[in-house]
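K.L.:
any chance you could fold what I've pasted below:
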Amino acid sequence: MSGHRFATEVSDLELADFQRAVRLILRHPLITTSWPDDRALLRVRRFASALRQDLAEAFGYRLELHGSTARLVRTKDLVDANQPALSRTGRAFDRQRYAYLALCLAVLGRAGVQITLSELAESVASDANRITGLGLDPDRGADRRAFVDAVGWLEERGALRMADGSSAAWASDPGAGEALYDVARDVVFALFRPSRVLQHVESVAALLDRSTASSGNAARRAAAQAARRAVVERPVVYFTDVEEPVANHLRGSALASDLQRLTGLRVERRAEGVVLVDTTTFSSERFPGTGSVAQVGVLLAVEMADRVVDPDGRRVRRLTPPDPREGQRTLIAEIDAGLPTATLVPLGGTDDEPPREEGEGGEDDPARLPFITDSFLRTAVGDILQRYATAFGAQWHADPDRLRVEAVALLERFGAVTGVPGGVLVRPLVGRYRNTVAAVKKRATPATLF
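P.N.:
Numbers count the residues shown, from 1 in each chain. The predicted model follows:
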């Protein structure tokens with residue numbers, strides 16, 4: 001007996017490859033013959049049986065393998081605004097692009113084995129023009145660019161495969177070019193697999209996991225799965241941000257050994273929470289990372305950590321952080337604002353959770369977090385630009401406020417700070433960078449002619 005609960009049928013010689021496959025399917029819930037690369041599907045298929053069993057037991061996920069696709073159907077506990085669909089140029093999708101993507105999938109689901117780009121645009125426009133506030137006019141540059149972004153997203157994942165022509169010419173002028181696509185129907189069906197009849201969904205919250213356990217053992221198993229999901233899906237998990245049964249599993253030693261066995265990554269635990277240490281580019285975005293925004297993010301973390309513990313400075317004010325469930329309710333309301341109520345078939349009832357009671361703790365209450373003002377952050381960014389002048393391009397020197405906003409947004413995505421009116425609340429993750437000596441890579445100087 002190995003004593004492990006997961007990967008029990010995987011030999012020690014194959015364990016590293018199995019862990020690589022786990023990280024791969026967790027990062028890319030859809031895998032095809034071309035996405036994310038031409039070898040990914042083979043890596044997953046090699047361990048299909050063990051992956052299907054372990055992902056279901058550890059996380060409550062369902063792995064489906066059909067034809068030339070692997071699809072991980074994930075159980076979601078939270079609505080997450082930090083993982084948007086991206087265009088080929090790295091632009092995050094907006095409502096218009098998401099709507100066109102959904103309509104493209106609907107058209108492709110009833111299309112044949114081939115379709116031209118103009119035919120796809122005409123069918124999507126027919127549906128879009130019946131939706132108040134949407135519409136699609138290929139002669140309008142903004143509509144055409146949004147549509148091409150949606151089609152490009154499907155191309156990247158292999159749902160559409162170029163057979164002839166060019167989409168670039170059509171994107172520049174719909175009358176000047178054409179493209180013919182092969183439709184990979186197995187990929188299309190793998191992409192759109194709703195677990196609910198969407199006409200019965202009154203809120204995006206209905207798509208989140210709200211299962212109720214029928215026994216104590218089932219409740220513990222559900223809490224353990226939620227804890228593992230939180231660690232692999234979030235940059236950092238604070239005990240105060242989850243329910244107590246989940247926090248108990250996060251504090252236990254079994255979770256760390258289970259996740260290390262599954263992913264090959266180490267779980268780091270501190271008094272305030274846990275983090276999965278990414279040493280293998282498991283996450284699509286890393287912190288600390290490269291680029292001007294990431295470098296300023298690290299330097300701001302250092303400045304904030306030093307400010308919080310500075311014995312010679314004025315005492316930092318501490319505030320009660322916003323209720324994370326309130327943030328969820330706000331985000332859910334924003335998504336629900338786009339719900340097409342004309343086709344809704346309400347079933348009645350609501351699953352809304354009662355608001356959490358606000359704490360009454362004093363200034364020294366550990367639940368309160370240090371408040372750093374926007375003015376401090378502006379000054380810090382200005383000092384950073386002056387101190388490391390040659391490391392940052394002219395565009396950042398010309399617009400330091402944009403650099404501050406983007407760096408703070410990066411820190412917030414990674415759970416290092418929480419944005420509040422007038423500044424940010426510093427979360428415990430920033431403490432990792434206290435007393436850090438940061439080295440900023442200088443920009444290459446262009447060669448001179450003389």
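
K.L.:
please make it C-alpha for all contacts and neighbour counts, starting now.
P.N.:
Will do.

K.L.:
any low-confidence regions in the stretch 251-400 of the chain?
P.N.:
The stretch 251-400 of the chain contains residues with pLDDT under 70 at 284-286, 311-313, 341-366.

K.L.:
count of neighbours near Ala92?
P.N.:
The tally of other residues near Ala92 (other CA atoms under 10 Å) stands at 15.

K.L.:
could you find the closest non-adjacent residue to it?
P.N.:
Using CA to CA, 6 or more residues apart in numbering and skipping the chain neighbours, the partner closest in space to Ala92 is Leu86 (4.6 Å).

K.L.:
ok, the one you found to Asp149 distance?
P.N.:
8 Å (CA to CA, to the nearest Å).

K.L.:
try Val308
P.N.:
Val308 is 44 Å from Asp149, by CA to CA.

K.L.:
the two: which has the busier surroundings?
P.N.:
Just comparing Val308 and Asp149: by other CA under 10 Å the higher neighbour count belongs to Asp149, 24 against 21.

K.L.:
can you tell me the element that one falls in?
P.N.:
Following DSSP states H and E, the helix or strand that holds Asp149 is helix 141-156.

K.L.:
backbone dihedrals for the residue nearest to Ala92, please?
P.N.:
Dihedral pair for Leu86: phi -120, psi 140, per degrees, to the nearest 10.

K.L.:
that one contacts Phe93, correct?
P.N.:
Yes: counting by CA atoms under 8 Å, Phe93 is a contact partner of Leu86 at 5.8 Å.

K.L.:
now do the strands in this structure.
P.N.:
30-32, 62-66, 69-73, 114-116, 160-165, 179-183, 237-238, 266-269, 273-277, 318-319, 369-373, 417-420, 423-426 (DSSP state E).

K.L.:
can you redo those strands as CSV with mean neighbour count and distance to Arg46?
P.N.:
Formatted as CSV, the strands of the chain follow (neighbours: other CA atoms under 10 Å; distance: least, CA to CA, whole Å):
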stretch, mean neighbour count, distance to Arg46
strand 30-32, 25, 14
strand 62-66, 17, 12
strand 69-73, 22, 12
strand 114-116, 17, 31
strand 160-165, 16, 25
strand 179-183, 19, 26
strand 237-238, 23, 32
strand 266-269, 16, 24
strand 273-277, 19, 25
strand 318-319, 19, 51
strand 369-373, 22, 47
strand 417-420, 19, 41
strand 423-426, 22, 44
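
K.L.:
minimum distance to Gln328: which of these has it?
P.N.:
strand 417-420 (13.6 Å; CA to CA).

K.L.:
tell me which other helices or strands the closest one touches.
P.N.:
Packing partners of strand 417-420 (3 or more CA pairs under 8 Å, 6 or more residues apart in numbering; DSSP states H and E): helix 400-413, strand 423-426.

K.L.:
which elements pack onto the longest one?
P.N.:
This points to helix 400-413. helix 292-309, helix 374-387, strand 417-420.

K.L.:
just name the most buried of those.
P.N.:
Comparing those on average neighbours per residue, with mean count of other CA atoms under 10 Å, the densest one is helix 292-309 at a mean of 21.

K.L.:
which residues does it contact?
P.N.:
By CA atoms under 8 Å, 6 or more residues apart in numbering, the list of residues contacting helix 292-309 from outside reads 287-289, 313, 315-316, 370, 372, 377, 380-381, 384, 391-392, 403-404, 406-408, 410-411, 426, 430-431, 433-436, 438, 440.

K.L.:
repeat for stretch 35-43
P.N.:
17, 21, 24, 28, 31-33, 68-70, 156-158.

K.L.:
what about 10 Å?
P.N.:
Residues from elsewhere that reach stretch 35-43 (CA atoms under 10 Å, 6 or more residues apart in numbering): 17-18, 20-22, 24-25, 27-28, 30-34, 48, 65, 68-70, 155-159.

K.L.:
nearest to the spatial middle of the protein, which residue is it?
P.N.:
Gln83 (2.6 Å; CA atoms, centre = their mean).

K.L.:
sorry, back to before: okay, the helices and strands packed on strand 417-420 in CSV with distance to Gln295 next?
P.N.:
Shown next, in CSV, are the helices and strands packed on strand 417-420 (distance: least, CA to CA, whole Å):
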stretch, distance to Gln295
helix 400-413, 8
strand 423-426, 18
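
K.L.:
so for Leu55, which of those sits nearest?
P.N.:
Closest of these to Leu55 is helix 400-413, at 25.6 Å (criterion: CA to CA).

K.L.:
export the closest one as CSV, just CAs?
P.N.:
Extracted C-alpha coordinates of helix 400-413, given in CSV (Å, rounded to 0.1, in the frame of the first residue of the first chain):
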residue,chain,number,x,y,z
PRO,A,400,2.4,57.2,-14.3
ASP,A,401,-1.2,57.1,-13.2
ARG,A,402,-2.1,54.4,-15.7
LEU,A,403,1.0,52.4,-14.5
ARG,A,404,-0.2,52.7,-10.9
VAL,A,405,-3.8,51.6,-11.8
GLU,A,406,-2.6,48.6,-13.8
ALA,A,407,0.0,47.5,-11.2
VAL,A,408,-2.7,47.8,-8.4
ALA,A,409,-5.1,45.8,-10.6
LEU,A,410,-2.4,43.1,-10.9
LEU,A,411,-1.9,43.0,-7.2
GLU,A,412,-5.7,42.7,-6.6
ARG,A,413,-6.0,39.8,-9.1
